[in-house]
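> Give me coordinates for this.
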Amino acid sequence: MQDPTTQIMKVSELNGQLSLVIDRVSHREIRVLLVEREGSPVAALVTPAHLSRLEQIERDWDAGSQALELVSEALADVPVDELEEKIAQIIADDRANAKVQRRSA
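Alright, predicted model coming up:
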């Protein structure tokens, strides 16, 4: 079976073909059906599995954003150049540790 693709349809085209389109999405012939009205995307039809993945990505993004906000608040009084220097050191240390681990593997 071929990889599913994204298909774009106008709302007017979808009206008479909804059942067929749902079958194609559910059988993964189409990954995402993007529905357009007047040339602009207004909706998408996806499988429940893809919806779950999208929802998980959104939850992960929100958690990461909240973590960044907390870090920003905690470090608000630290000068930017000091933060950049510390981050550069952390990255250098991590790369050195990864190199040592690769050698010992």
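
> helix or strand right after the helix or strand of the chain with the lowest mean pLDDT?
Lowest on mean pLDDT, DSSP states H and E among the helices and strands of the chain sits strand 30-37, with a mean of 82. Using DSSP states H and E, the helix or strand that follows strand 30-37 in sequence is strand 40-45.

> Flag the shaky bits of this structure, pLDDT-wise.
Within the chain, the ranges that satisfy pLDDT under 70 run 1-3.

> Walk me through the domains of it.
5-47, 78-105 (automatic domain parsing).

> all helices for the chain, in order.
Taking DSSP state H, the helices of the chain run over residues 11-15, 18-26, 48-74, 80-104.

> ok, back up a step: what pairs with the least confident helix or strand of the chain, parallel or antiparallel?
strand 5-10 (parallel), strand 40-45 (antiparallel) (DSSP bridges).

> Of the ones you listed, which is nearest V78?
V78 lies closest to strand 40-45 among the strands paired with strand 30-37, at 42.4 Å (CB to CB). For every residue, glycine as well, the C-beta is placed using N, CA and C.

> What residues sit buried inside the closest one?
If you call a residue buried by 16 or more other CB atoms under 10 Å, then strand 40-45 has these buried ones: A44, L45.

> coming back round to it: give me the contacts around the least confident helix or strand of the chain.
4-11, 14, 21, 24-25, 41-46, 50 (CB atoms under 8 Å, 6 or more residues apart in numbering).
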